[in-house]
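Trainee: turn this into a structure:
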Amino acid sequence: MEKPIYTIVSKSDDRVFIHAMPGHFVTASSHMNYYVGTSDIKHNHDVSVDTAMLMARYYAERSIEVDTVLCLYETQALGAYLAHELSRPNMLNPNPNNTVYVLGPEYDAQGNIIFRDNLRKLITGRRVILLISCITSGKTIERAMESVTYYGGNVVGITSIFSAIDNINGVEVNTVFNKEDLPAYEAYTPHECPHCRAGEKVDAISNGYGYSLL
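Mentor: Now for the predicted structure:
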């Protein structure tokens, strides 16, 4: 598969960028006409730090206090930088006194997020934000919200690198990139996919970790 790859730079910080590749991509619940690559933000220290600063600004400006960052799909490094930004002094919050925890999920056989007894204290009674690389339909975030609520936590924010939607279950999505940055991006349910209707083969299966060519 040889496809053009486009670099999209953040309007707020030209050191923060993602990549977009056109094609026919499939996730567990959606078909898309673009794969959005976020590897540099998740794995490049400098880009990750700058991105975390952009993400943290949203919570500082709204005075949203955070206890735990729940990191989905290999966003733990980014989550650690985000937690650092949320807990350090700044002009809007000059005297923070809270510790912000960083937590990665564990899944059971049905794909539900679970928390072991020694980690429940980081969720129960805590103000939690969900961090994810890309949001297409919002189903992954919805399941994470259900799990946090089940364990007695309160989801106070959703943060993503790229999101095709701006609200999930009444919670605004704080995202660095959205469809305005990639206006040609479209996502479809499997039975509504125009690529499938046209008989176009699937280029790759993708998820929050990356993509695998077919």
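Trainee: excluding its backbone neighbours, what's nearest the spatially most central residue of the chain?
Mentor: In the chain, the centroid-proximal residue (Cα atoms, centre = their mean) is I132; its distance is 2.0 Å. Closest residue to I132 apart from its sequence neighbours, by Cβ to Cβ, 6 or more residues apart in numbering: L72 at 4.4 Å. Where C-beta positions appear, they are placed from N, C-alpha and C, glycine not excepted.
Trainee: quick check: phi and psi on that neighbour?
Mentor: phi -110, psi 140 (degrees, to the nearest 10).
Trainee: report how many residues lie close to it.
Mentor: For L72, the number of neighbouring residues by other Cβ atoms under 10 Å comes to 21.
Trainee: I113 now?
Mentor: What I113 shows, counting by other Cβ under 10 Å, is a neighbour count of 21.
Trainee: so it is in contact with A144, correct?
Mentor: Yes. In terms of Cβ atoms under 8 Å, I113 counts as a neighbour of A144; the distance is 5.8 Å.
Trainee: need the residues touching each of these two.
Mentor: P105 (Cβ atoms under 8 Å, 6 or more residues apart in numbering).
Trainee: who does the lowest-mean-pLDDT helix or strand in the chain pair up with?
Mentor: Within the chain, no helix or strand scores below strand 210-213, which has a mean of 88 by mean pLDDT, DSSP states H and E. Using DSSP bridges, the strands paired with strand 210-213 in its sheet are strand 204-207 (antiparallel).
Trainee: could you give the mean pLDDT of stretch 171-184?
Mentor: Mean pLDDT, stretch 171-184: 97.
Trainee: can you list contacts of it?
Mentor: For stretch 171-184, using Cβ under 8 Å, 6+ apart, the contacting residues are 8, 10-12, 16, 18, 20, 22, 33-34, 36, 41, 51, 54-55, 58-59, 135, 145, 155-167, 185.
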